[in-house]
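Chemist: 3D model of this:
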Amino acid sequence: MNMQVAKNTVVTLDYSVSDFDGELVDPGQEPLIYLHGGYDDIFPMIEEAVQGRRIGESVVVRMQPDDAFGEYDAALVQLEPRSQFPEELQVGMQFEGIPEGADEDDDDVLVYRVTEIAGDKVVLDGNHPLAGMALVFTCTVTAVRPATAEEISHGHTHEDGHDDED
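Modeler: Residues are numbered from 1 along each chain as shown. Predicted coordinates for the structure are as follows:
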């Protein structure tokens, strides 16, 4: 039976992401598995595009930064003293942190990437690496199955037996 993508189905997509010039920015090495039906498990534009599709069907979704990872926010770039970091530090490492001016009690934890190490200063960037970019998502539906009651109540899939978002 070749199910259609519909609300409360778990969808597997093979995908790749490129910029508008065709440069590959994410080769999509692992398939994307998500709970379909407005659970914010995937970008709404992609969810809309695969609605009603069947296994083997492909879609191409062109997204502006607002539809994808947002505009680049210069306020999320911070300069920190080198002494606050572990000895083994290199560009590309990631740290969780709370944005400046945010309330300590908030859940506003961001992942900051080390983008530069200059003497006794470290530059951290809390923007997603693809922030500010218009992107083209190319995806093919490779599997569709009914979601379990537990997945629906949790609002995300439980593929691979791990429950990662609670």
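Chemist: Tell me the strands beside the helix or strand harbouring R62, with direction?
Modeler: Assigned by DSSP states H and E, R62 belongs to strand 58-63. Strand 58-63 sits in its sheet next to strand 135-146 (antiparallel), going by DSSP bridges.
Chemist: circling back to that earlier point, give the other helices and strands that the helix or strand following the strand holding R62 contacts.
Modeler: Following strand 58-63 in sequence order, the next helix or strand is strand 77-81 (DSSP H and E). When contacts are defined as 3 or more Cβ pairs under 8 Å, 6 or more residues apart in numbering; DSSP states H and E, strand 77-81 packs onto strand 121-125. Bear in mind the C-beta positions are built from the backbone N, C-alpha and C, glycine included.
Chemist: what comes up buried for the strand it packs on?
Modeler: Using 16 or more other Cβ atoms under 10 Å as the burial criterion, the residues of strand 121-125 that qualify are 122-125.
Chemist: Helix or strand with the lowest mean pLDDT in this protein?
Modeler: strand 94-97 (a mean of 88; mean pLDDT, DSSP states H and E).
Chemist: For it, which outside residues touch it?
Modeler: Residues from elsewhere that reach strand 94-97, judged by Cβ atoms under 8 Å, 6 or more residues apart in numbering: 78, 85, 109-114, 124, 126.
Chemist: That one: how far from the chain's middle?
Modeler: 16 Å (Cα atoms, centre = their mean, to the nearest Å).
Chemist: For it, buried residues please.
Modeler: So strand 94-97, judged by 16+ other Cβ under 10 Å, has buried residues 95, 97.
Chemist: ditto for stretch 138-150
Modeler: Under 16+ other Cβ under 10 Å, the buried positions of stretch 138-150 are 139-141, 144, 147.
Chemist: Out of the residues you listed, which is nearest to S16?
Modeler: Using Cβ to Cβ, C139 comes nearest to S16 of the buried residues of stretch 138-150, at 8.0 Å.
Chemist: okay but the closest one is in contact with V11, surely?
Modeler: No. C139 lies out of contact with V11 (Cβ atoms under 8 Å); the separation is 9.4 Å.
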